[in-house]
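**Student:** sequence and predicted structure below; questions after.
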Amino acid sequence: MEAEGVAKRRREVENRILEKVGQIISEIKSAKHVDQLICSLHSLALLLFPLDSSLILPTLDQRFKEQILSAKIPSANERKEWWQAFYRGRGAPFPTFARVLLLDAVSDWLACFPVSAKKLVYDVFFVNGLATEVVQALVPFLQYNGNGSVADVNAVQSNTERLLVLCLLENDGVLQIAREFGSSQLYEDFSNVQLQPLASRVAQIVASIPDKAQPKAPALLSSHSFFRQITFQLLHGAQERDKNLSDEESTSYNFELDGILLFTGETFSRICRRGASEVLLGELVSHVLGHIRSFLSSSIDSIMVDLLESDSGSQFWLKIMGAIKDPYAVERISEQLLRQLSIEHTTDTEAYWILWILFNRIFNNQPAVRSLFLDKFLLWKIFPFCCLRWIIQFAVFECPPVSNSLTKGRETYGLLDTTQHLMAVWSRQEFVQSAPMEQQAYVTAAIGLCMERISKEELDNSKDLMHSILQGVSFRLESPTYLIRKMASNIALVFSQVIDPKNPLYLDDNCSGETIDWEFGFTKPEKDTLSTHNHTEKHTDETKRLSTSQAEKDLNYSTNQGRGKSEKAGSKKLSQFKLLDPDEIIDPATLNYGSASDEDEDEAASENSDSSSDSSLQPYDLIDDDTDLKRKLTQLVDVVGALRKSDDADGVERALDVAENLVRASPGELTHIAGDLVRTLVQVRCSDLAVEGEEDTAEEKRQRALVALVVSCPFQSLESLNKLLYSPNVDTSQRIMILDVMSEAAQELADSKIMKPKHQSRALISTVSESQAWFLPSSIGPLGAGFWKEVSETGTLLNYSNRYERELPLKPGQIRKGKIRRWSVRSANVPENQLEWTKNKFHVYSAAFMLPAMEGFDKKRHGVDLLGRDFIVLGKLIYMLGVCMRCVSMHPEASALAPSLLDMLRSREICHHKEAYVRKAVLFAASSVLVSLHPSFVASALTEGNLEVSKGLEWVRTWALDVVESDTDRECYTMAMSCLQLHAEMALQASRVLESAESTLKPKSIGVSSNLSKATIKIPFSNFSNVEY
C-alpha cells in the first residue's frame, strides 16, 4: 500500500509540474515586459530551488515586486519532489522547458535581464539542475543553425557556450555527473549493466563539446583546456572523496565508486579516442605519483601490497583501469603513462608501484592486457630505455625492484617464456633485414636485460633458446652495419656470462667491464612536457636518435660524399701526388724510404755528439748489422718477387714499404709488369705476414700501392682487377678491397692536375645569332669589362649552379695595389697565357672502370653470389659505380654510361633488395647519375625521343617515392628524399634548356621526333605539375 501511495503521489506531482511548465512557456511567449518574464521564471524556480528573492527585487518595478513577495515557498520535501519530477519525470518537462529558455528567451529577452536576475531565475535551471540531463539539453545547441526559426543563431550559440563553461567547468559539472551515476537515490533501480549505455552516451556528449564549439568560442572550451579541466575534476574529486571517507561509509561507498568509475572510465576512453591522451596522462600522472610517494615515504616494499589493497583511498586507483573497457584507450593510456613517467624522472621503485596499482588486476585477469605488455611493448613499440626496464620489472619479473635495480622474482616460468618469445623474433633473418634500427636495438636490449637474470640451469632447461641465440648472433655478425654487429656482440657477451661467468666472450673491443651498454649510443629525448610530444610519425619520434657516424662505421659511403673525399679513415692523403711534372727526373733508388736522408742526418748528428762525450767509448751493439746487408728494392720486378715469397715476412714488409713510391715514379717497366704486380698485391696475405698489431698498417700500404697502380697504369691494372673481382680464387675481403681501390683510384684520377700549353680554339661553326649560350650571364656591363669565365670550385659538391667571373675596369681614381708572382719549376720564358690547369683525367678511363664490373654481376659462380650471400660485395660494387659516375660528372662519357647503370639499378633483385645496405648503395648510385648528367643532355634526349634515358630518370623518381613511403630504414628514407630533390633540380634545369632552345630556334622550322610526346619532366613545387615536350 505504501508503494502505491508513493507512486500515486509521484504521478500527481508530475502532472502538476507539467501544467506549471506549460503555463510558464505560454507566459514567456506572450510577455510584453522583461519584468513579467522574470516573475514567471521566478515562480517556477521557487518550486525547485531555495532562492533568496530579495536579490532581484531592486531590479523590478513595484507591481512585480509584490508578486515576488507574495509567492508561496514550498517545504524542502515538496521542493525535492518537484525537482525530481521536473528533471526525471515522465513527459520530459526539463528538455522542453530548456529549449524554450535557449531559443525564445535568448532571442527576445535575455539581453535585457539584470545580472542578478539572470543568475537567480535563468542560469539556476542549468547550474542547480540534474547535470546528466543538463548536458544532454545544452550540447546540441552548440551547432544550432536556425532551422527556419527567427531565433538569433549567434546569440543562441554564444549563450550555450557560456552555460557550458558555467555548469561544467566553473561549477564542476563533470564531477557532478560522475557523482550522479554513483548516487543510489537517483539510480536505485539501475544496475551497472543498465547504466552502461547511459554513461557511454553522456561521456560521448561531454567529450564532443570541444569539437562542436564554434571557432570564436571561449578558450576554456578548447580541446586541451577542456579535457585537462574535466580530468582534474574527476581525479581530484575521487581523491577528496577518499580522504573524507570514514569506516562506516565504506560499504555504501562501493556502489558509489562503481558508478563514478563507470562514467570516469567512459570519459577517459572518449578523451583518448579524440587524441588527447597526453592531456589526460599529464593530470593522471601527477595525482597517482603523489599518492604512491605518500606510501613509499612511510612504508617498506614488503608490505606495500597489503597496504594498497586495504587502503580505501587506493580503491579508485586499483579499479580505474578496469573501468576502461576500450582496448585502444587502455593501450594509449599505458603507453603515454610510461613516456610521461620517463619525462618526470621517476625512479624504478616509483614506476613499478604506479604500474602495479593501475594495471596489476587487469594484467592478471585480462589476457589482452598481458599480451599488450609482454608482446607489443617489448617487440613492436619503442620506448625510452628506462621505460623498457619498468616494463620488464613489472610484466616479466613481477616483483618490486630492490635499490632501484632490476630484481628477479621467485617465479621464473614467465621470464623464460618471454625470453624465448623475444629471441624467436630477434633471431629471424627477416627481422635483421627489414626491422628499423631503433626497433632492433630496443628488442636486443629487452633480450639482454632478461638474459642477465637467467641462470645456467634455466638456460639448459629451455627448449630452443640456445639455438635461437646462436642463430641470431650469427646473422648479425655478417651485417655490414657496425651497430647491428654490436648488438650481436652484446648478446654473445651476456650469453657467455650465463654459461661461464669467469670467461666472458668479447667480440667487440668496445665491450669491456661488467656493465653492458644496452642503449647502443642512442640519445634520450629532451622534453619537458608530454604535450609537445608528437606521436603521428612512423615511430621515428620514439624516444631515441641514432648516431650516424657510429652506425655507418663500416659502410664507407653517404649521400653527401664529394669526389675529393677519401672514405678510409687514417689513409694517406693523395693530394701530394696530384701535381705531375713530366720533365722531372726521379731516381727510383731514392724512393725506397721516404725519410732515409733524415734518418742519416740524425745518425750523423748522434755520432758527433757521442764523440764529444765521455760515454762515446762504450762498444757498439752489432746485433742488427745484418739488416744493413739486406738488398734495397729499387725495381718493380724485385718487389713482385719479394711479395711472392710468403715465407719471408721481412721481405714482404720491405716490398710493401717501397711499392707505392716506385709505382708513382712511373718507371719504364711499369706498363709490362702492372698486371702481375696487381695480382700479386691482391693475393698477398698481409694479416698472416705482418707483426701482430700492425695488420692494418700493412693493409693500408697494400691498398695505397694498388691505388697508385690503377692511377699510373689504368688499363693494364683494371684488366687484372676486373678478372680478379669475379674470380673464385679470391675471398670476400679481397673483392671488397678491389672495389675500394677502384673507388679511390677513380677519385684520384678525377682530381688530378697537370700543366700543358693552352690551345687557342676557334669556333668551327659561325653563328649569326647575337644571343649567347643559355648558361652564361648577361654581357651587359661597364665599358672595358672582360669576358665571362667559368670558375670551378674545388672541394664542393657537384651542382648545376655554375659560377662565372670577369674582370671589371678600375673606377676613376682607383689604383690597383700589389702584384702576383707565380712560382714554378717551369721556364719563365713560357707565356702565362699559354698555361692552363686541366682537371679530371678519369673520364678517359671511365668505361674501363665501370663496364667490365657491371658485366655478369647477376651470375652465380663458384664462390661468387652477389645477389644472395655476398650482398656486401654487391653494395660495394654499386657504390663504386656511383663514385665513378660522380667522377665523370658533366662529361660526355656520363651520358653514355648512365643508361647502362640505370638499367642495372632497375633490376628487381637490386632496387628491391632485402638488405638496407644494398638499397642505400642503389640510392647513392641513382643520385650520382642525376648529378653527373648535364641538363643539356637530358634536354636533347627528350627532344630526340631517347626513351631509354627518359624512362630511366622517371624510374628514379617513382622508385625514390616508393622508398620514402614504404622503406623501414631511416637512412634509406633520408637518401630517397635527397634523390627526389636532385631529380627535381635536374628536371628544372633541363626544362630551362628546352625553353632556351625554343626561344633561339623559334623562327626556324625544325622537325621533332614523334616519340617526344612520350617524354615527361615532372617538376614539383611549381605552379604547374608537368612540363611536356
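**Tutor:** In hand now; what should we look at?

**Student:** CA atoms for contacts and neighbours, from now on please.
**Tutor:** Fine.

**Student:** next SSE after whichever helix or strand Glu278 is part of?
**Tutor:** For Glu278, the element it lies in under DSSP states H and E is helix 277-296. Following helix 277-296 in sequence order, the next helix or strand is helix 304-310 (DSSP H and E).

**Student:** in that next one, what's buried?
**Tutor:** 304, 308 (16 or more other C-alpha atoms under 10 Å).

**Student:** so for that helix, mean pLDDT?
**Tutor:** Averaged over helix 304-310, pLDDT sits at 85.

**Student:** stretch 259-278 too?
**Tutor:** On average, stretch 259-278 scores 92.

**Student:** coming back round to it: quick one: buried residues of the helix holding Glu278?
**Tutor:** Applying 16+ other C-alpha under 10 Å to helix 277-296 flags 277-285, 287-289, 291-292 as buried.

**Student:** now stretch 648-665
**Tutor:** 649-665.

**Student:** inside helices: which ones of these?
**Tutor:** 649-664 (DSSP state H).

**Student:** tell me how many other residues crowd Ser26.
**Tutor:** Ser26: 12 surrounding residues under other C-alpha atoms under 10 Å.

**Student:** what's the answer for Asn365, then?
**Tutor:** Quick note: Asn365 (other C-alpha under 10 Å) scores 12 neighbours.

**Student:** check the gap between it and Asp306 for me.
**Tutor:** Going from Asn365 to Asp306 by C-alpha to C-alpha, to the nearest Å gives 19 Å.

**Student:** and the longest helix anywhere in the chain, what does it pack onto?
**Tutor:** Among the elements of the chain assigned as helix by DSSP H, the one spanning the most residues is helix 970-1000. Applying 3 or more C-alpha pairs under 8 Å, 6 or more residues apart in numbering; DSSP states H and E, we find helix 970-1000 packed against helix 916-932, helix 935-943, helix 947-966, strand 1016-1018.

**Student:** now that helix: average pLDDT?
**Tutor:** 85.

**Student:** kindly report the same for stretch 881-894.
**Tutor:** 90.

**Student:** just the endpoints, please. Distance across it?
**Tutor:** OK, stretch 881-894 end separation, C-alpha to C-alpha: 11 Å.

**Student:** in it, what counts as buried?
**Tutor:** Applying 16+ other C-alpha under 10 Å to stretch 881-894 flags 881-891, 893-894 as buried.

**Student:** those residues in helices, which ones?
**Tutor:** Reading helices off those with DSSP H, I get 881-887, 893-894.

**Student:** neighbours around the spatially closest residue to Gln143 that is not a sequence neighbour, how many?
**Tutor:** Nearest non-adjacent residue to Gln143, counting by C-alpha to C-alpha, 6 or more residues apart in numbering: Lys212, 6.4 Å away. Residues lying near Lys212 (other C-alpha under 10 Å) number 16.

**Student:** may I have the predicted confidence score for Lys212?
**Tutor:** For Lys212, the predicted pLDDT is 93.

**Student:** so it sits against Tyr144, correct?
**Tutor:** No. At 10.1 Å, Lys212 does not count as touching Tyr144 under the criterion of C-alpha atoms under 8 Å.

**Student:** for the closest residue to Phe385 other than its chain neighbours, give its distance to Tyr506.
**Tutor:** Spatial nearest neighbour of Phe385, excluding adjacent residues (C-alpha to C-alpha, 6+ apart): Glu519 at 6.7 Å. From Glu519 across to Tyr506, the span is 18 Å (C-alpha to C-alpha).

**Student:** same thing with Val288?
**Tutor:** In terms of C-alpha to C-alpha, Val288 sits 44 Å off from Tyr506.

**Student:** contacts only, for Leu57.
**Tutor:** 65, 68 (C-alpha atoms under 8 Å, 6 or more residues apart in numbering).

**Student:** what's the helix or strand for Leu338?
**Tutor:** Going by DSSP H and E, Leu338 is part of helix 327-343.

**Student:** neighbouring contacts of that helix?
**Tutor:** Contacts for helix 327-343 (C-alpha under 8 Å, 6+ apart): 268-269, 272-273, 277-278, 281-282, 285, 321, 324, 351, 372, 383-384, 386-387, 527-530.

**Student:** show the buried residues in these.
**Tutor:** Here, 16+ other C-alpha under 10 Å leaves 268-269, 272, 277-278, 281-282, 285, 321, 324, 351, 372, 383-384, 386-387, 530 buried among the contacts of helix 327-343.

**Student:** out of the residues you listed, list just those in strands.
**Tutor:** Counting by DSSP state E, the buried ones among the contacts of helix 327-343 place none of their members in strands.

**Student:** for Leu725, which non-adjacent residue is closest in space?
**Tutor:** Nearest residue to Leu725, sequence neighbours excluded (C-alpha to C-alpha, 6+ apart): Arg735, at 5.6 Å.

**Student:** what packs against whichever strand or helix holds that neighbour?
**Tutor:** Mapping Arg735 onto the secondary structure by DSSP H and E places it in helix 732-750. Helix 732-750 makes packing contacts with helix 670-683, helix 695-712, helix 714-725, helix 871-887 when contacts are defined by 3+ C-alpha pairs under 8 Å, 6+ apart.

**Student:** sweet, I'm off.
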